[in-house]
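Asker: What shape does this take:
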Amino acid sequence: MVDAAIGYKTGVNLDSIKNEIGSFYVPELLIIDTHFLKTLPNKEIFSGTAEMLKHGLIADKNFWKKMNQIRTDIIQNENEWSQLIHKSILIKQKIVDQDPKEKGLRKILNFGHTIGHALESYFMDFNKIIHGIAVTMGMIYESWISYKINGLSISDYKEIRSTLDKLCPTENHISNLEINKLLLIMEHDKKNEINKIQFSLLKEIGKCSYNCQVPSSLIKESFLT
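Answerer: Sure thing, here's the model as predicted:
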């Protein structure tokens, strides 16, 4: 409702690479009915709210704070959730409207997804993890990279890490062998330019940079923090 439904992108996986082939297509009509959320298991509710948390991190600090005040794995107050979903959609739609074909600003929506999609692709064939878990792990690692090279303050990093760790503890369970395989997958990422892995990184909670090149050594280090 707040992620793939907004923004005109279509994509399919190829050879265990997430969204390797895709195009842009503007729908004639988009209908969001939050009643369908009642049919989903809690893990899928979490998967969607991971993207909502991301919207706050990249573009709206107040929305991030609001999302921190509720449980993000279960629907408790349907009216409150409808309002939060609507706000999340508006955040993404505002970004998409300014850059429909992802030539610049829209790339900030990829925060957490460079590493997140690599994790999702890597585990696709033998120990599949849901998108929200992969993206949350990606946001944890990419927040640390943001702290190291993009000006994110240590206090913001600790706040992000504390919040996301409660939802998805990472605890250094990515082995060195897996890290090298993940780096190979990242080399296929659709965001790459001139054979360089491109990241979108936080400057502070609510502000994000794009087209950030990160050394492989720092990517590896992020998995070990």
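
Asker: after the helix or strand encompassing Leu183 comes which helix or strand?
Answerer: Using DSSP states H and E, the secondary-structure element containing Leu183 is helix 176-186. Moving toward the C-terminus from helix 176-186, the next helix or strand (DSSP H and E) is strand 198-204.

Asker: Tell me which residue of the protein is furthest from the middle?
Answerer: Within the chain, the residue lying farthest from the chain centre (C-alpha atoms, centre = their mean) is Glu28, at 26.3 Å.

Asker: Now do the closest residue to Glu51 other than its chain neighbours against Thr34, distance only.
Answerer: Closest residue in space to Glu51, ignoring its immediate chain neighbours: Asp3 at 4.3 Å, by C-beta to C-beta, 6 or more residues apart in numbering. Quick note: C-beta positions are derived from backbone N, CA and C, even for glycine. Counting by C-beta to C-beta, to the nearest Å, the gap between Asp3 and Thr34 amounts to 14 Å.

Asker: more neighbours, these two?
Answerer: For Asp3 versus Thr34, neighbours defined as other C-beta atoms under 10 Å are more numerous around Asp3 (21 against 16).

Asker: Tell me which stretches of the protein form helices.
Answerer: For the chain, applying DSSP state H gives helices covering 42-59, 61-68, 78-98, 113-122, 131-149, 154-167, 176-186, 216-222.

Asker: Among these, which comes closest to Ser209?
Answerer: Counting by C-beta to C-beta, Ser209 lies closest to helix 131-149 out of the helices of the chain; the figure is 8.4 Å.

Asker: residues contacting the residue lying closest to Leu167 once chain neighbours are set aside?
Answerer: Leaving aside its sequence neighbours, Leu167 sits nearest to Thr136 (C-beta to C-beta, 6+ apart; 5.8 Å). Thr136 sits next to 50, 53, 112, 116, 164, 167-168 when contact means C-beta atoms under 8 Å, 6 or more residues apart in numbering.

Asker: out of those, who's nearest Lys87?
Answerer: Of the contacts of Thr136, the one sitting nearest to Lys87 (C-beta to C-beta) turns out to be Leu53, at 12.4 Å.

Asker: if we can go back for a sec, right, and the residue nearest to Glu51 touches Gly48 too?
Answerer: Yes - counting by C-beta atoms under 8 Å, Asp3 does reach Gly48; the two are 6.9 Å apart.

Asker: ok and the helix or strand of the chain with the lowest mean pLDDT relative to helix 131-149, angle-wise?
Answerer: Lowest mean confidence among the helices and strands of the chain (mean pLDDT, DSSP states H and E): strand 17-24, at a mean of 78. Relative orientation of strand 17-24 with respect to helix 131-149: 90 degrees, computed using axes from the mean of the first three to the mean of the last three C-alpha atoms, to 10 degrees.

Asker: other SSEs contacting strand 17-24?
Answerer: Judged by 3 or more C-beta pairs under 8 Å, 6 or more residues apart in numbering; DSSP states H and E, strand 17-24 is in contact with strand 9-14, helix 113-122.

Asker: what inclination does it have with respect to helix 176-186?
Answerer: 20 degrees.

Asker: can you offset everything so residue one is 3?
Answerer: I'll keep to 3 as the first residue from here, and by that count the last item is strand 19-26.
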